[in-house]
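# My questions are about this predicted structure, shown below with the sequence.
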Amino acid sequence: MQIIQKTWSERSGWVGQNSSIDAPQLVLIFGATAILRDPAMLAGIRADFPGALVFGCSTAGEIHGTRVSDDTLTLTAVHFEKTRLRLASVAVAAAQESASAGRELAIQLTSPDLVHLLVLSDGLVVNGSELIRGLRDFLPQKISVTGGLAADGTRFETTLVCADHAPRRGCVAALGFYGGGLVVGHGSLGGWDAFGPMRRVTRSQGNVLYELDGQSALCLYKQYLGEYAADLPASALLFPLGMDLESGEYGLVRTVVNINETEQSMTFAGDIPLGATVRLMKANFDRLIGGAEEAANASKRFFRSAPVELALLISCFGRKMILKQRIEEEVEAAHAVLGEHTAITGFYSYGEISPFVPNGHCELHNQTMTITTFAER
């Protein structure tokens, strides 16, 4: 595997490695919404890397090495020696189409030599839980799936996905990795503390929550947020919901992506099932950074003592809002585990996709650091 990385900003233009590599098959790009919208940017990348699949999305912050930046674009070009790639995308006009989009992607990309799927999705239109459900319905259990939901900073207006075409809203895309020479690892950890009473979901529909314990969920949520309620939905990233399901499944964390004052409802990145037990969460600085370190350790265990060549870090925007000027500490913690020779890229998202445990089903997570690691053997 050969890799070169660069970053672009309006102030500095392109900065990064000038060394050449064999013709890359993949170019990963993550950047601010306004930059991705510029047709000249994609045209320039295509001219520099003809024949490569260009895959990426809009963000709430870009990760490059141990640096976190805003209003930039990061580029990672990869030449694989032993791995074949295929890219597919589906348009989604409404959340109700999310599961069918997942099924369609799985059908298009499933093959006997498929090793891994990397999924990037619109972060506002798509119901991430349904998207994952659709993927799981048609993918063999042995296929690992990771990825994330595109973001738009604090604006929550438009999220974009580029799947070898002009960046689009309402797009879900998956990149398939094929062949026995690729090793893929993954890890996903949070680091939030629960507070306040446990409450039961008494009215919900998909990813829309209406009532907790028979009361307006939005009213209750605003009471807990206090002065932060005026800044909804962005401030909800500071206080996600921890959720335990009646089925006994392990807890998941869910983040609000929109509110409806008329209906007194809250829309989340993933499903809030009827009967689930929820509790508000708040940040613990040391645990957030420790969660990033543990996610890196979990992803590296797949490699035993072998080095990791490429790492994709997808962390929730809520963590960035909490950590503020300390944000690079979580990236540095991951870098210390992965090693100085690992090329690191990634972004801050509206949701993360990863198995919770090795060889487990993929799930939609919020407020985690999710790390996918790659190497060819």
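In hand now; what should we look at?

# just the strands in the stretch 251-377 of the chain please.
For the stretch 251-377 of the chain, the strands defined by DSSP state E, counting those that start in this stretch cover 252-254, 256-260, 265-268, 277-283, 310-316, 343-349, 351-355, 362-365, 369-376.

# got TSV for the ones you listed, with mean pLDDT too?
What follows is the strands of the stretch 251-377 of the chain, written out as TSV (pLDDT from 0 to 100):
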stretch	mean pLDDT
strand 252-254	83
strand 256-260	87
strand 265-268	90
strand 277-283	86
strand 310-316	97
strand 343-349	97
strand 351-355	92
strand 362-365	86
strand 369-376	96
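
# Out of these, flag the one nearest Val78.
Proximity to Val78 (CB to CB) singles out strand 310-316 among the strands of the stretch 251-377 of the chain, at 6.6 Å. Bear in mind the C-beta positions are built from the backbone N, C-alpha and C, glycine included.

# Give me the angle between that closest one and strand 343-349.
On the basis of axes from the mean of the first three to the mean of the last three CA atoms, to 10 degrees, strand 310-316 is oriented at 20 degrees to strand 343-349.

# where does the stretch 151-300 of the chain dip in pLDDT?
For the stretch 151-300 of the chain, applying pLDDT under 70 flags the ranges 245-251.

# counting residues per helix, which one in this protein is longest?
helix 285-300 (DSSP state H).

# hmm, who's touching that one?
Helix 285-300 is contacted from outside by 185-193, 308, 311, 315, 319, 322-323, 326, 329-331, 333-338, 358, 368-373, using CB atoms under 8 Å, 6 or more residues apart in numbering.

# Switch the strands of the stretch 251-377 of the chain over to TSV; also include mean neighbour count and distance to Ser58.
TSV is the format used below for the strands of the stretch 251-377 of the chain (neighbours: other CB atoms under 10 Å; distance: least, CB to CB, whole Å):
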stretch	mean neighbour count	distance to Ser58
strand 252-254	25	21
strand 256-260	20	14
strand 265-268	23	19
strand 277-283	19	24
strand 310-316	27	13
strand 343-349	26	8
strand 351-355	27	13
strand 362-365	25	18
strand 369-376	25	18
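
# looking at this, Ala99 is in a helix?
Yes. Under DSSP: H, G, I helix; E, B strand; the rest coil, Ala99 falls within a helix.

# Count the neighbours of it for me.
19 (other CB atoms under 10 Å).

# which residues touch it?
127, 130-131, 133-134, 137.

# just the buried members of those?
Among the contacts of Ala99, those buried by neighbour count (16 or more other CB atoms under 10 Å) are 127, 130-131, 133-134.

# of the residues you listed, closest to Leu149?
Leu149 lies nearest to Leu131 out of those, by CB to CB, at 8.9 Å.

# so what's that closest one up against?
98-99, 101-102, 119, 121, 172, 364.

# one step back: mind listing what's buried along the longest helix of the chain?
For helix 285-300, by 16+ other CB under 10 Å, it's 288-300.

# can you check stretch 322-338 too?
Going by 16+ other CB under 10 Å, stretch 322-338 has these buried residues: 322-323, 327-335, 337-338.

# Would you mind measuring from the residue nearest the centre of the chain to Glu10?
Residue closest to the average C-alpha location in the chain (CA atoms, centre = their mean): Gly148, at 2.2 Å. In this view, Gly148 and Glu10 are 25 Å apart by CB to CB, to the nearest Å.
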